[in-house]
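Novice: turn this into a model:
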Amino acid sequence: MISEGHAIHGVLPVVQMPYTRAADIDLETLRREVDWVLDQGADGVTTGMVTELLRLTTAERLDVAEAVCEAAKARSGLAIVSCGSESTKSAVDFARHAAECGADAVMAIPPVTVALTDDALWGYYSEIIERSGLPLVVQDASGYVGQPISAGLQVKLLATYGDLVYFKPEAQPIGPRLSALRDATGGRARIFEGSGGSQLVDSFRRGIVGTMPGAEVCWAVCALWRALERRDWSAAYAISGPLTSLVSLQYGIDGFVAVEKHLLVRQGVFRAADVRGPSAFTLDAETAAEVDRLFDALQQVMSNDAQTQGDPRVLAKGDRIRTLQPAEPRGSERMEC
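Specialist: Predicted coordinates:
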């Protein structure tokens with residue numbers, strides 16, 4: 001049975017994947033990450049491309065979905081699980097498992113190893129919706145992998161499934177494509193920004209319902225989203241400046257993963273910034289130094305904005321970010337058999 005569930009909206013960071021010294025998924029740290037993200041004011045969490053899902057085994061993807069949903073639901077946060085896969089059957093299986101875990105919605109990129117017609121993609125997405133019973137975020141990740149999803153197909157999905165369908169367009173140019181989808185659906189399409197927050201101000205003006213950034217500076221994206229909601233353009237642009245510069249240093253999926261994990265380690269959320277190879281990006285010392293400078297600048301903007309607004313809640317979040325105790329060093333981590 002198809003159920004609309006809870007409407008998804010707001011700031012829904014995509015979590016990164018922590019690993020143990022044995023290169024297995026560190027589920028304890030993953031749950032800690034979900035808690036930390038929700039502590040920063042996010043509306044929920046998402047799994048996606050920067051969760052390194054395409055580098056996980058099937059069993060690992062199921063374990064991750066269970067852990068993320070359990071941790072989010074314990075905090076009354078939204079949980080969106082990515083189910084995209086190379087076959088309709090496996091995508092449906094992942095989506096149905098997400099439903100069993102209590103996910104509020106699923107998100108799916110198209111298969112990336114083949115170029116599909118609109119008819120083939122229609123079959124893929126409609127099967128996910130009808131057989132999982134969950135709302136679906138249609139993710140056009142062609143800014144990184146695969147081919148763009150046509151506006152005609154997206155309009156057809158919305159016309160058929162209505163409020164069960166959301167969209168996350170990442171094909172370039174994002175702004176004009178977002179507006180084209182909005183206009184083609186008469187303003188009905190519910191759209192998420194997905195560029196790490198770098199195009200959040202422009203996308204907000206075009207009518208989005210939320211954003212799915214990385215987790216590493218979700219506290220800044222939450223503050224930016226709140227500023228946009230109250231139409232505080234001065235505060236919004238102040239935050240957007242260093243945030244956009246920070247995102248500009250993240251080249252491709254592997255660049256996002258490397259920088260985001262670097263900053264999660266710095267904030268004590270992760271023990272290490274390991275990724276699963278092969279990876280197309282290595283964070284060199286000079287890039288890392290610039291990332292740290294921009295991170296510091298972003299924190300300073302947040303501190304100044306909190307003092308201007310006189311918001312003790314925001315100040316408390318800023319203090320927590322700066323003083324979070326580091327996670328246990330990897331050298332004392334127990335090896336898993």
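Novice: packing partners of the host helix or strand of residue 71?
Specialist: Taking DSSP states H and E as the criterion, residue 71 maps to helix 58-74. Counting contacts by 3 or more C-beta pairs under 8 Å, 6 or more residues apart in numbering; DSSP states H and E, helix 58-74 is packed against helix 27-39, strand 44-46, strand 78-82, helix 88-101. For every residue, glycine as well, the C-beta is placed using N, CA and C.
Novice: what's the most buried one of these?
Specialist: Neighbour counts (mean count of other C-beta atoms under 10 Å) averaged over each of these peak at strand 44-46, with a mean of 29.
Novice: just checking, what packs against it?
Specialist: helix 27-39, helix 58-74, strand 78-82.
Novice: need the residues that contact stretch 64-80.
Specialist: Residues outside stretch 64-80 that contact it (C-beta atoms under 8 Å, 6 or more residues apart in numbering) are 6, 8, 12, 15, 17, 25, 27, 30-31, 34-35, 38, 42-47, 51, 53, 56, 81, 94, 97-98, 101-107, 137, 212.
Novice: buried sites along it?
Specialist: The neighbour-count check on stretch 64-80 (16 or more other C-beta atoms under 10 Å) flags 64-69, 71-73, 77-80 as buried.
Novice: likewise stretch 294-308?
Specialist: In stretch 294-308, counting by 16+ other C-beta under 10 Å, buried: 294, 295, 298, 299, 301, 302, 303, 305, 306.
Novice: dump these to TSV, plus distance to residue 240.
Specialist: Formatted as TSV, these follow (distance: C-beta to C-beta, whole Å):
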residue	distance to residue 240
294	12
295	15
298	10
299	15
301	9
302	12
303	16
305	12
306	16
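Novice: and the residues you listed, which two are furthest apart?
Specialist: The most widely separated members of the buried residues of stretch 294-308, counting by C-beta to C-beta, are 294 and 306 (18.7 Å).
Novice: residue 41 against residue 220, yeah?
Specialist: No: using C-beta atoms under 8 Å, residue 41 is not in contact with residue 220, being 10.5 Å away.
Novice: who has more neighbours, these two?
Specialist: residue 220 (25 against 18; other C-beta atoms under 10 Å).
Novice: contacting residues for the nearest residue in space to residue 54 that is not next to it in sequence?
Specialist: Excluding its sequence neighbours, the residue lying closest to residue 54 (C-beta to C-beta, 6 or more residues apart in numbering) is residue 112, at 8.0 Å. Going by C-beta under 8 Å, 6+ apart, residue 112 touches 54, 86, 145, 146.
Novice: how much space separates residue 299 from residue 211?
Specialist: 20 Å (C-beta to C-beta, to the nearest Å).
Novice: ok, so of the buried residues of stretch 64-80, who is nearest residue 236?
Specialist: residue 78 (23.1 Å).
Novice: in the stretch 201-337 of the chain, which ranges drop under the pLDDT threshold?
Specialist: Along the stretch 201-337 of the chain, the model assigns pLDDT under 70 to residues 306-337.
Novice: now the strands for it?
Specialist: With strands called from DSSP state E, counting those that start in this stretch, the stretch 201-337 of the chain shows them at 210-211.
Novice: ok so residue 23 is a helix residue?
Specialist: No: membership of residue 23 in a helix is not supported by DSSP: H, G, I helix; E, B strand; the rest coil, which gives coil.
Novice: just give me the neighbour total for it.
Specialist: 11.
Novice: could you do residue 280 as well?
Specialist: 11.
Novice: tell me the contacts of it?
Specialist: Contacts of residue 280 by C-beta under 8 Å, 6+ apart are 252, 254.
Novice: gap between it and residue 27?
Specialist: The value you get for residue 280 to residue 27, if C-beta to C-beta is used, is 27 Å.
Novice: go on, residue 163?
Specialist: In terms of C-beta to C-beta, residue 163 sits 33 Å off from residue 27.
Novice: ok, now which ones touch the residue nearest to residue 187 when sequence neighbours are not counted?
Specialist: Spatial nearest neighbour of residue 187, chain neighbours left out: residue 207 (6.8 Å); criterion: C-beta to C-beta, 6+ apart. Going by C-beta under 8 Å, 6+ apart, residue 207 touches 182, 187, 191.
Novice: so how many other residues sit close to the first one?
Specialist: For residue 182, the number of neighbouring residues by other C-beta under 10 Å comes to 19.
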